[in-house]
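Colleague: Fold the following.
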Amino acid sequence: MTINLSVKGVPEPVADALRQRAARNHRSLQGELMAIIERAAAEPAWPAAVGSGAAFASAAAARPGVIHRGSKTIEETAAALRERFPEPITGGPLAVDIIRADRDSR
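Modeller: The predicted structure follows:
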């Protein structure tokens, strides 16, 4: 049994890029979309424990050549920032003042 899928509201630049990709791969737009969907469906499921380094490493090893963004936990990111900026930044404008100035300029 097959299922029909529909994607509505695709921006024209995205549609153009997909058409160009389909042409480069000698496929119709429908064929290119099917290839993309098949490839995405064949990817391994993301591990349940995304926050653990071991789970992330095994997921990364399963997909070599893929760049993973956000590979650090919140705690690791906070520790790296504390190491880089040990003292709090002072003397700059407050965010609330920047927002008020922007709002009042309109």
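
Colleague: can we go C-alpha only for contacts and neighbour counts from here?
Modeller: Will do.

Colleague: For this structure, name the helix or strand with the lowest mean pLDDT.
Modeller: Ranked by mean pLDDT, DSSP states H and E, the helix or strand of the chain with the weakest confidence is helix 53-62, at a mean of 60.

Colleague: What residues sit buried inside whichever helix or strand comes after that helix?
Modeller: Moving toward the C-terminus from helix 53-62, the next helix or strand (DSSP states H and E) is helix 74-84. Residues of helix 74-84 include none that count as buried (16 or more other Cα atoms under 10 Å).

Colleague: For helix 74-84, list the C-alpha coordinates in CSV.
Modeller: Output of helix 74-84 as CSV, limited to C-alpha atoms (Å, rounded to 0.1, in the frame of the first residue of the first chain):
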residue,chain,number,x,y,z
ILE,A,74,24.1,22.4,28.9
GLU,A,75,26.4,21.8,31.8
GLU,A,76,29.4,21.4,29.4
THR,A,77,28.6,24.6,27.6
ALA,A,78,28.1,26.5,30.8
ALA,A,79,31.5,25.2,32.1
ALA,A,80,33.2,26.2,28.9
LEU,A,81,31.8,29.7,29.1
ARG,A,82,32.7,30.1,32.8
GLU,A,83,36.3,29.0,31.9
ARG,A,84,36.4,31.5,29.0
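
Colleague: pLDDT on whichever helix or strand comes after that helix, on average?
Modeller: Elements were assigned by DSSP H and E; along the chain past helix 74-84, the next helix or strand is helix 95-104. Helix 95-104 shows a mean pLDDT of 92.

Colleague: Would you mind writing the CA trace of helix 95-104 as PDB?
Modeller: Output in PDB follows, covering the C-alpha atoms of helix 95-104 (Å, rounded to 0.1, in the frame of the first residue of the first chain):
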ATOM      1  CA  ALA A  95      19.100  44.400  27.500                       C
ATOM      2  CA  VAL A  96      15.900  46.100  28.800                       C
ATOM      3  CA  ASP A  97      17.500  49.500  28.000                       C
ATOM      4  CA  ILE A  98      18.300  48.400  24.400                       C
ATOM      5  CA  ILE A  99      14.800  47.100  23.900                       C
ATOM      6  CA  ARG A 100      13.200  50.200  25.200                       C
ATOM      7  CA  ALA A 101      15.400  52.400  23.100                       C
ATOM      8  CA  ASP A 102      14.500  50.400  20.000                       C
ATOM      9  CA  ARG A 103      10.800  50.500  20.800                       C
ATOM     10  CA  ASP A 104      10.900  54.300  21.500                       C
END
